[in-house]
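J.: Dropping a prediction and its sequence here:
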Amino acid sequence: MTRPTEAPIRLLLRPQEAANSLGVSLRCLMAWVAAGEVPAVRLGERCLRFSVEALKAWVASRSTWPTRISLGVEQSSSSSGILGAVGAGTANCAAGRASG
């Protein structure tokens with residue numbers, strides 16, 4: 001009898017996967033990388049990857065969500081997708097994408 005194999009835990013994302021997880025365009029993500037704003041991992045001269053944990057921490061550090069909403073109920077810190085809610089850093093990209 002063979003055991004079903006478990007999918008390996010992904011530690012690193014490709015650029016398009018990271019952009020999708022953040023909800024921004026690849027172009028926006030790469031601009032952030034060039035500006036040194038987003039943590040990236042170089043695996044050789046042409047291989048760029050993004051650590052899931054580093055991206056989660058980056059999003060959390062840029063988050064502007066209040067800890068409590070006006071009704072006094074704590075806002076959930078649970079997230080959807082790989083990275084969850086995206087902080088204020090994506091506002092510039094979203095505005096740029098809408099205007100051009």
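T.: That came through fine. Numbers count the residues shown, from 1 in each chain.

J.: helix, strand or coil for R49?
T.: Recorded secondary structure, R49: strand (DSSP: H, G, I helix; E, B strand; the rest coil).

J.: Touching, it and V33? I think so.
T.: No - in this structure, R49 is not within contact of V33 by CB atoms under 8 Å, at 11.0 Å. Bear in mind the C-beta positions are built from the backbone N, C-alpha and C, glycine included.

J.: Between these two, which contacts overlap?
T.: Taking CB atoms under 8 Å, 6 or more residues apart in numbering as the contact definition, R49 and V33 share the neighbouring residues A40.

J.: Kindly provide the distance from the residue nearest to L12 when sequence neighbours are not counted to R3.
T.: Distance criterion CB to CB, 6 or more residues apart in numbering; nearest residue to L12, sequence neighbours excluded, is R49 at 3.9 Å. Distance, R49 to R3, by CB to CB, to the nearest Å: 29 Å.

J.: neighbour-wise, which of these two wins?
T.: Ranked by neighbour count (other CB atoms under 10 Å), R49 and R3 place R49 first, with 16 against 5.

J.: Chain neighbours aside, what residue packs nearest to L13?
T.: In this structure, L13 finds its nearest non-sequential neighbour in F50, 4.7 Å apart by CB to CB, 6+ apart.

J.: who touches that neighbour in this structure?
T.: With CB under 8 Å, 6+ apart, F50 has these contacts: L12, L13, R14, P15, E17, A18, V38, P39, A40, V41.

J.: Kindly recompute the last result at 6 Å.
T.: With contact taken as CB atoms under 6 Å, 6 or more residues apart in numbering, F50 is in contact with L13, A18, A40.

J.: same thing with W32?
T.: V38.

J.: quick one: buried residues of the top helix by length along the chain?
T.: Across the chain, the longest stretch assigned as helix under DSSP state H is helix 52-62. Using 16 or more other CB atoms under 10 Å as the test for burial, helix 52-62 gives V52, L55, W58, V59.
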